[in-house]
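Student: Sequence unavailable; structure follows:
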C-alpha cells in the first residue's frame, strides 16, 4: 500500500542522496555533479553521475537511474517499501504503522520465516535415524561437528511430503511454501517437497536471513546439486555462498571457489574468507558485491577444462570492476577440498603457501597462452607475441604494461619499441570499437529506435523530445511546474509513456504535492525511473525555464494537429491537402 506523502516528504528532507550513495560508490566532484564508477555494471571509466542538487543519479553507461529510493532498491535488492524503511532507519524515522501491512513485504517476511523453519527441520533430520546416511556422508568428507553446526547443514528426507506437512502444521500455506520454492505443485495443485534425499546447505544473506538452499545428492544421480530457484527474497545472480561469514574475515581479500564443499573445507581449515557462486557462472552483480567487500580476489576454480573456462570468464568480469585479481591453480588437478585433505594436518598450511605464490590474472593468461605455442618456431613466436600484446593492451596501468612488455621482450629477444607499437595499435583499435558501440547506442536512444518503454517515440520523434523536455523542466523547476500543469492538457502528449508521466506530475501538483524524483518514485518502476533520470540529466542547465517551456508547449500543439500515419493512410485527398495547407501556413 502507499506510504503517506508527508512521510516521503520528510524522508526526502532528511536524506542526502550523495551521502547515501557515497557509502557504496567513491564519488568525485565534476562540475555541478558527482561522478564515480557505476555499481550496477562493470566499467573502467566512471559514467555514474549523481546530482545532489536535484536528488537523482544516472549512469550514462547502463542507463540505470532514479532517486535515492531507486538506488537503495537496486543496490540492496529491496522492494519500494523495504527501501523506504531502510532509508527511514538511517534517518532516524519510524515507518508508519500501515506501511508494515504491505502485501509484498508481508510475503517476504513469511518466506524468511518458512526458510528459517525449513533450515531447523533439515538440521534435526540430519541427526535423526533417517538422516544417518547423510551425516555419515558429511563425516566421510572430513567435516567436524563444529563445522556442520556452524554452516547449519541438514538433510531433506526421501518422503516428498515431510517438510510440507511440517510447515503446514506451523501455519504456512501451500502458496507460501511454493513462493519460497520449498515445495513444488503437483498436477492436481497439491504441494510436495522440492528437496528429496539430499544433504542440505542453507544460503544465508548478510542480514543473517536464510534465503535459499542448495541440496546435494549422495549418489551418482543427476542433478548433483539442486538449488532454490529465484524467489521474492532470493536471486542466485545477486548472492554468494558464505559471504555472511567471509566478509568479516576478508581483510582485503576473498577467495572465490566453485562449490559449497570447497568453501566449507577452507573455512574448517581456518581460511575463512572463501566464497562461492550459487550454481551459476560468476555474474556482473556478484562481481560488484565482491568489489564492495575486498580489494583483491583469488580465483581458485578446478583445473579441468570447465574450471579453466570458468576462470577466464570470471577474470573478464572481475577485471572490469578494477579489483585486483590473482589466480590459484591447485596442483595435480585437485580442488581445494581434495588438496587440503590429501595433506592431512599440513593441509591448511600447504594451501596458504599456494596462496602466497599466486600470480595475477595477466600472469595466468600469458602462461596459458604460452603453453599453446613453441616460441622456437618463428611463425608461432610471432603469433604468440601478437596475442600476448592483446592481453597487455587490456592493462590500464602504463607502468604495469611496461613491466610485462619488458619481461616478454627480454625472454624472447624482441625489440621493445616494436612491442610497444603493437600494444598501442591494439589499444587504439579497442578504444575505437568502444566509441563506435557507444555512438550506435546513443543514436538508437536519441531516435527512439531501441525504445521498449516508449514505443511511440520513433514515429513521433519531435513530439516525444518536446514531451521529455517539458517533463524534465517541471521536475527540475518547481516554480514553473504549476503553470505548466494548468496550461497543458495531457491530450497534447502523443506518446503514451510520456503522457502517463505527465498525468502523474499534474495530479500531484493539483493536490498541492511536490514532483521531485523522490516524490514520484513510488509511482514508477525502476526502469521507468531510469528513463526519467535520463530526461533530466541532459536538461539541468536550461537558462530560462519559462521561455523553454513555452517553446516545448508550442511544439506539442503543432505536433498534435498533424495527422498520424494511420490517419494519413485512411484519409481522402481533400483531408491530406488541408493538412499540407496548415503546415505551409505555419512555416510562413
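Tutor: Cool, got the structure. A quick note: this is a predicted structure, and the numbers were derived from the prediction, not measured. Numbers count the residues shown, from 1 in each chain.
Student: Excluding chain neighbours, what is closest to residue 404?
Tutor: residue 392 (5.1 Å; C-beta to C-beta, 6 or more residues apart in numbering). Every residue, glycine included, has its C-beta placed from N, CA and C.
Student: so which strand or helix has the one you found?
Tutor: In this structure, residue 392 is located in helix 378-393 according to DSSP states H and E.
Student: between the following helix or strand past that helix and helix 378-393, how many degrees?
Tutor: Downstream of helix 378-393, the next assigned helix or strand under DSSP H and E is helix 398-412. With axes from the mean of the first three to the mean of the last three C-alpha atoms, to 10 degrees as the basis, helix 398-412 and helix 378-393 are set at 170 degrees to each other.
Student: Could you give the separation of helix 398-412 from the chain centroid?
Tutor: When C-alpha coordinates are averaged (C-alpha atoms, centre = their mean, to the nearest Å), helix 398-412 and its chain have centres 35 Å apart.
Student: Pull out the buried residues from it.
Tutor: Within helix 398-412, the residues scored as buried using 16 or more other C-beta atoms under 10 Å are 401, 404, 405, 408, 409.
Student: which residues does the third one contact?
Tutor: With C-beta atoms under 8 Å, 6 or more residues apart in numbering as the criterion, the residues that contact residue 405 are 392, 416, 419, 420, 423.
Student: Likewise for the second one?
Tutor: By C-beta under 8 Å, 6+ apart, the residues touching residue 404 are 362, 366, 392, 395.
Student: how about a cut-off of 10 Å?
Tutor: With contact set as C-beta atoms under 10 Å, 6 or more residues apart in numbering, residue 404 has these partners: 362, 363, 366, 388, 389, 391, 392, 395, 419, 423.
Student: residues near the third one, how many?
Tutor: What that stands for is residue 366. Residues lying near residue 366 (other C-beta atoms under 10 Å) number 19.
Student: Check residue 496 too.
Tutor: A count of nearby residues for residue 496, using other C-beta under 10 Å, gives 11.
Student: okay, it: pLDDT?
Tutor: Listed pLDDT for residue 496 reads 90.
Student: what's the answer for residue 574, then?
Tutor: If you check residue 574, the pLDDT there is 61.
Student: likewise residue 394?
Tutor: Looking at residue 394, its pLDDT is 85.
Student: what's in contact with stretch 130-139?
Tutor: Residues outside stretch 130-139 that contact it (C-beta under 10 Å, 6+ apart) are 122-128, 143-145, 147-148, 151, 153-159, 162, 197-200, 216, 218, 261, 264.
Student: right, I mislabeled it, should have said stretch 363-377
Tutor: The contact list for stretch 363-377 (C-beta under 10 Å, 6+ apart) reads 299, 308, 311-312, 315, 325-329, 358-359, 379-385, 387-388, 390-392, 394, 404, 407-408, 411-413.
Student: what ranges do the helices span in the stretch 301-450 of the chain?
Tutor: Counting by DSSP state H, counting those that start in this stretch, the stretch 301-450 of the chain has helices at residues 305-319, 336-342, 347-356, 361-370, 378-393, 398-412, 416-447.
Student: packing partners for the third one?
Tutor: Using 3 or more C-beta pairs under 10 Å, 6 or more residues apart in numbering; DSSP states H and E as the contact criterion, the neighbours of helix 347-356 among helices and strands are strand 253-257, helix 260-268, strand 296-300, helix 336-342.
Student: could you dump these to TSV with mean pLDDT, mean neighbour count and distance to residue 190?
Tutor: TSV is the format used below for the helices and strands packed on helix 347-356 (pLDDT from 0 to 100; neighbours: other C-beta atoms under 10 Å; distance: least, C-beta to C-beta, whole Å):
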stretch	mean pLDDT	mean neighbour count	distance to residue 190
strand 253-257	96	25	39
helix 260-268	95	24	31
strand 296-300	95	24	44
helix 336-342	91	20	39
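Student: nearest to residue 231, of those?
Tutor: Closest approach to residue 231 among the helices and strands packed on helix 347-356 is made by helix 260-268 (18.9 Å; C-beta to C-beta).
Student: tilt between the closest one and strand 253-257?
Tutor: Helix 260-268 runs at 150 degrees relative to strand 253-257, counting by the same axes, to 10 degrees.
Student: quick check: angle from helix 260-268 to helix 347-356?
Tutor: Going by the same axes, to 10 degrees, helix 260-268 makes 100 degrees with helix 347-356.
Student: Spatially nearest residue to residue 210 (excluding sequence neighbours)?
Tutor: Leaving out its chain neighbours, the residue that sits closest to residue 210 by C-beta to C-beta, 6+ apart is residue 115, at 4.1 Å.
Student: To what extent is residue 353 buried, counted in neighbours?
Tutor: A count of neighbours around residue 353, defined by other C-beta under 10 Å, yields 10.
Student: My guess is residue 530 contacts residue 61. True?
Tutor: No: Residue 530 is not in contact with residue 61 according to C-beta atoms under 10 Å; the separation is 11.9 Å.
Student: between these two, who's got more neighbours?
Tutor: Neighbour tally, residue 530 and residue 61, criterion other C-beta under 10 Å: the higher count belongs to residue 530, 22 against 17.
Student: what's residue 176 in contact with, if anything?
Tutor: Residue 176 makes contacts with 107, 110, 111, 113, 114, 167, 168, 182, 183, 191, as judged by C-beta under 10 Å, 6+ apart.
Student: repeat that for 6 Å
Tutor: The neighbourhood of residue 176, defined by C-beta atoms under 6 Å, 6 or more residues apart in numbering, consists of 110, 114.
Student: Would you quantify the distance from it to residue 184?
Tutor: Taking C-beta to C-beta, to the nearest Å as the measure, residue 176 falls 14 Å from residue 184.
Student: Most widely separated two among the contacts of residue 405?
Tutor: Every pair of the contacts of residue 405 checked by C-beta to C-beta; the farthest is 392 and 416, at 11.9 Å.
Student: and those two? which has more neighbours close in?
Tutor: Set side by side, residue 392 and residue 416 show more neighbours around residue 392, with 24 against 13, by other C-beta under 10 Å.
Student: wait, isn't that one in contact with residue 423?
Tutor: Yes: the pair residue 392 and residue 423 passes the contact test of C-beta atoms under 6 Å, sitting 5.3 Å apart.
Student: returning to what we had before: which entries within the contacts of stretch 130-139 meet the buried criterion?
Tutor: Burial by neighbour count, 16+ other C-beta under 10 Å: within these this picks out 122-123, 125-126, 143, 147-148, 151, 153-157, 162, 197-200, 216, 218, 261, 264.
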